[in-house]
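[1] coordinates only, sequence not included:
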């Protein structure tokens with residue numbers, strides 16, 4: 001007697017589909033449940049029944065030799081596949097995955113932060129802009145008057161509450177998909193779909209030989225080609241010929257926590273849903289979900305310090321039900337509830353809706369996997385340290401304020417720095433300026449993302465513990481690095497991560513590269529991280545003395561080469577050099593090293609006495625003036641010469657930009673400098689002023705509003721004296737006027753001006 005075969009075509013991650021699948025399985029009582037999923041995960045599939053397995057979770061299938069060649073197969077509590085797995089495990093039925101194994105697929109090498117395209121489900125629901133052909137469900141949606149396939153399927157299947165025959169529903173879905181497939185002839189030669197469906201049919205044939213009743217849970221799009229009739233249409237021999245040439249590679253699988261935002265289509269994953277948080281609500285609250293949903297919205301709004309009264313909730317429920325009735329729906333769906341929320345609870349303000357969409361409609365939830373799940377030793381060490389240091393692993397943003405004078409906070413900081421070195425960016429350092437102004441303070445923003453699982457596996461090749469792996473990773477990067485600035489920036493990171501063995505190796509590598517570096521710009525970019533280490537290192541309990549010789553040696557070479565490095569620069573090169581000069585100046589300003597500072601200021605004065613690009617020369621004089629090395633007379637004399645009428649206005653404006661960039665307080669406190677600038681601006685012809693205005697505008701826009709206001713007030717009230725006399729230039733006064741000589745030119749002036757007596 002031939003085995004019974006039932007094909008249940010579903011919407012991946014759909015609560016309505018999941019509910020109907022469970023009802024169908026209860027009626028069919030199959031002894032084999034075949035699910036569209038990766039057969040590579042057969043060994044870890046039994047862990048789905050573990051008590052500590054809490055969706056959302058995902059199967060991660062990857063190549064041990066190259067973990068970035070990986071794919072994710074996510075499951076939520078409301079996923080039909082997940083419910084089918086749990087049903088089969090609790091009813092002693094055989095549960096197996098039948099999709100094309102990852103070991104037979106062409107690898108897709110992608111960065112760990114952008115995981116490979118997920119292929120376990122939902123080809124029929126992938127966005128058209130991401131995967132070529134238009135979503136086939138959109139055709140049915142357009143015919144039914146819905147904006148897209150997601151809305152159509154959600155209304156008819158996911159939000160339905162009818163208890164009709166589940167098998168009849170699946171027959172209708174299969175018939176609709178068969179019609180759509182008939183209109184799309186390209187599917188017959190699709191290089192991805194053809195082998196997948198051939199492998200599914202092969203697995204179904206094998207199961208039907210061993211079991212009496214077989215149920216297949218697959219994406220609705222595949223249902224028409226997996227039926228008993230399709231098994232006859234596509235012969236076993238033909239399917240074997242399709243699969244025979246596929247290359248085979250080694251893969252392994254494990255379970256990893258997943259998040260709702262990664263389950264959403266917005267994150268770029270093909271087999272996703274627009275609103276996983278809403279779908280979870282539909283799964284949990286099968287009845288009266290309008291009232292419970294809007295109550296949940298009100299609780300969130302109150303938690304976010306927004307008004308949401310019970311009366312408003314009641315009114316929003318009434319509005320949502322009324323909208324559903326006007327649109328011919330028996331119950332309110334997400335569109336009606338969202339419109340009611342925006343109108344009543346948010347008072348037509350779209351900003352609160354952004355919070356509701358992120359935290360409720362999409363949802364913030366991170367799943368859990370049992371400790372028995374396969375894991376590399378590095379992953380277990382990370383988990384142990386997270387537990388010891390009481391660092392919460394969550395999908396939400398957490399701000400962590402660390403005081404490194406405390407041992408626990410210091411240990412947390414070191415762990416986060418070590419993970420960053422291993423390219424596991426669980427924490428991102430916030431407020432760099434705040435960190436520079438404090439010797440012990442760090443602010444981190446933490447958010448755990450599912451793709452970090454691949455990053456951990458890739459980093460495991462460096463060692464079995466975070467400490468060993470980070471140190472080995474640093475040595476590997478240092479050995480292959482050729483960028484001196486990148487090495488010194490890495491040293492700053494490594495010192496904070498407290499990797500003493502790696503520090504010595506890195507310092508030696510920096511010395512080797514700096515000894516042969518001839519580019520002054522490279523040396524200037526490499527200095528600031530070393531200066532920060534020298535300034536803050538000892539407070540953070542690191543051996544900063546190692547970098548003191550490096551700072552001294554680099555600065556000596558910078559000062560020796562600064563003058564030729566600043567010559568013959570165009571505008572773009574001058575901007576870059578000015579930024580480097582500012583970087584070196586800021587670095588030395590925090591060091592209590594008079595010898596180094598004097599050496600640097602001497603080099604700046606040599607550049608300031610040249611006719612190089614005005615942006616550079618002006619910046620040098622401003623630094624010298626602020627440091628007290630140059631007097632106001634020196635600065636005003638050079639400013640007056642730079643802005644003299646005989647100079648090119650473009651060059652003069654560049655000099656002014658370099659001198660004033662970042663702060664205008666020097667003009668507020670020194671009327672002579674303000675007068676020089678004022679006289680220069682007012683003396684410019686109209687056409688020249690139009691050319692210079694954008695540069696001057698850009699310069700003054702960097703000032704604080706209070707500075708701009710005070711400068712304007714001084715100019716308005718004439719609080720700037722006449723510019724000082726330049727050496728060698730004589731100025732006439734009213735006492736020098738000779739009326740008799742003036743009368744001689746009076747007739748000529750009247751003739752020129754056309755003013756006859």
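    Good, I have the coordinates. All figures in this text were calculated on a predicted structure; none of them were measured in a lab. Numbers count the residues shown, from 1 in each chain.

[2] quick check: phi and psi on residue 444?
    With angles defined as degrees, to the nearest 10, residue 444 sits at phi -110, psi 150.

[3] again, but for the one 3 residues further on
    Main-chain torsions, residue 447, degrees, to the nearest 10: phi -160, psi 120.

[4] which residues touch it?
    394, 395, 396, 397, 398, 426 (CB atoms under 8 Å, 6 or more residues apart in numbering). Where C-beta positions appear, they are placed from N, C-alpha and C, glycine not excepted.

[5] would TSV of these with distance to residue 357, neighbour count and secondary structure be doable?
    Listed next are the contacts of residue 447 as TSV, based on distance: CB to CB, whole Å; neighbours: other CB atoms under 10 Å; DSSP: H, G, I helix; E, B strand; the rest coil:
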residue	distance to residue 357	neighbour count	secondary structure
394	19	14	coil
395	15	21	coil
396	15	15	coil
397	16	10	coil
398	20	15	strand
426	25	21	coil
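
[6] which one among those residues gets closest to residue 684?
    residue 397 (50.7 Å; CB to CB).

[7] so the closest one touches residue 446, yeah?
    Yes. Counting by CB atoms under 8 Å, residue 397 touches residue 446, with 7.4 Å between them.

[8] tell me the secondary structure at the residue lying closest to residue 136 once chain neighbours are set aside.
    Take residue 136 and drop its neighbours on the chain: the residue closest to it by CB to CB, 6 or more residues apart in numbering is residue 180, 4.5 Å away. Assigned state for residue 180: helix (three-state reduction, DSSP: H, G, I helix; E, B strand; the rest coil).

[9] where does pLDDT dip in the protein?
    1, 107-135, 159-163, 186-188, 264-272, 431-439, 536-545, 645-647, 718-735, 755-757 (pLDDT under 70).

[10] tell me the contacts of residue 291?
    313, 317.

[11] for it, pull up the helix or strand it's in.
    Here residue 291 sits within helix 289-303, counting by DSSP states H and E.

[12] I'd say residue 488 and residue 529 touch.
    Yes. Applying CB under 8 Å, one finds residue 488 in contact with residue 529, separated by 4.4 Å.

[13] between those two, who's got more neighbours?
    For residue 488 versus residue 529, the count of surrounding residues by other CB atoms under 10 Å is larger for residue 488: 28 against 22.

[14] surely that one is within a helix?
    Yes. Counting by three-state DSSP, residue 488 falls inside a helix.

[15] for it, give its distance to residue 526.
    Distance, residue 488 to residue 526, by CB to CB, to the nearest Å: 4 Å.

[16] please name the nearest non-neighbouring residue to residue 559.
    Closest to residue 559 by CB to CB, 6+ apart is residue 603, at 3.9 Å.

[17] list the buried ones in stretch 623-633?
    Using 16 or more other CB atoms under 10 Å as the test for burial, stretch 623-633 gives 623, 624, 625, 629, 630.

[18] for those residues, give me TSV that also has secondary structure and distance to residue 742.
    Listed next are the buried residues of stretch 623-633 as TSV, based on DSSP: H, G, I helix; E, B strand; the rest coil; distance: CB to CB, whole Å:
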residue	secondary structure	distance to residue 742
623	helix	48
624	helix	46
625	helix	43
629	coil	48
630	coil	43
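
[19] quick one: stretch 330-337 to chain centroid distance?
    On the basis of CA atoms, centre = their mean, to the nearest Å, stretch 330-337 sits 34 Å off its chain's mean C-alpha point.

[20] same thing with stretch 149-166?
    Counting by CA atoms, centre = their mean, stretch 149-166 comes out at 36 Å from the chain centroid.

[21] same deal with stretch 151-170?
    38 Å.

[22] cool, stretch 471-484 as well?
    On CA atoms, centre = their mean, the centre of stretch 471-484 falls 25 Å from the chain's centre.

[23] buried residues in it?
    471, 472, 473, 474, 475, 477, 478, 484.

[24] list just the nearest of those residues to residue 559.
    residue 484 (17.0 Å).

[25] my read: the closest one touches residue 512, true?
    No. With contact defined as CB under 8 Å, residue 484 does not count as touching residue 512 (9.9 Å).

[26] strands of the stretch 151-300 of the chain, start to end?
    Ranges of strands in the stretch 151-300 of the chain, per DSSP state E, counting those that start in this stretch, are 213-219, 252-257.

[27] next one: residue 32 from residue 355, what distance?
    Residue 32 is 46 Å from residue 355, by CB to CB.

[28] more neighbours, these two?
    Between residue 32 and residue 355, residue 32 has the larger neighbour count (other CB under 10 Å), namely 22 against 16.

[29] phi and psi next, for that one.
    According to degrees, to the nearest 10, residue 32 has phi -140, psi 130.

[30] if we can go back for a sec, got the angle between the next helix or strand after the helix holding residue 291 and helix 289-303?
    As assigned by DSSP H and E, the chain's next helix or strand after helix 289-303 is helix 310-326. In terms of direction (axes from the mean of the first three to the mean of the last three CA atoms, to 10 degrees), helix 310-326 departs from helix 289-303 by 140 degrees.

[31] elements contacting the helix or strand following helix 310-326?
    On the C-terminal side of helix 310-326, the nearest following helix or strand under DSSP H and E is helix 334-340. With contacts taken as 3 or more CB pairs under 8 Å, 6 or more residues apart in numbering; DSSP states H and E, helix 334-340 sits against helix 289-303, helix 310-326.

[32] compare those helices and give me the one nearest residue 3.
    Nearest of those (CB to CB): helix 289-303, 38.7 Å.

[33] now do the buried residues in the closest one.
    Buried residues in helix 289-303 (16+ other CB under 10 Å): 289, 290, 291, 293, 294, 296, 297, 298, 300, 301.

[34] as a check, name the ranges of all strands in the protein.
    4-10, 32-35, 57-62, 70-75, 94-97, 213-219, 252-257, 398-403, 427-430, 441-446 (DSSP state E).

[35] in a markdown table: those, plus distance to residue 696.
    What follows is the strands of the chain, written out as a markdown table (distance: least, CB to CB, whole Å):
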| stretch | distance to residue 696 |
| --- | --- |
| strand 4-10 | 66 |
| strand 32-35 | 69 |
| strand 57-62 | 57 |
| strand 70-75 | 54 |
| strand 94-97 | 68 |
| strand 213-219 | 63 |
| strand 252-257 | 55 |
| strand 398-403 | 40 |
| strand 427-430 | 34 |
| strand 441-446 | 37 |
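
[36] figure out which of the ones you listed is closest to residue 643.
    So among the strands of the chain, strand 427-430 is nearest, using CB to CB, at 41.8 Å.

[37] the closest one pairs with which strands, parallel or anti?
    strand 441-446 (antiparallel) (DSSP bridges).

[38] can you list contacts of the strand it pairs with?
    Contacts of strand 441-446 (CB under 8 Å, 6+ apart): 391-392, 394, 397-404, 413, 416, 426-431, 434-435.

[39] now it: buried residues?
    442, 443, 444, 446.

[40] do stretch 701-719 as well
    Per 16+ other CB under 10 Å, stretch 701-719 contains these buried residues: 703, 707, 710, 711, 714, 715.

[41] just send the helices and strands packed on helix 334-340 back as a markdown table, with distance to residue 560 too.
    Below are the helices and strands packed on helix 334-340 laid out as a markdown table (distance: least, CB to CB, whole Å):
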| stretch | distance to residue 560 |
| --- | --- |
| helix 289-303 | 61 |
| helix 310-326 | 72 |
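
[42] all good on my end, thank you.
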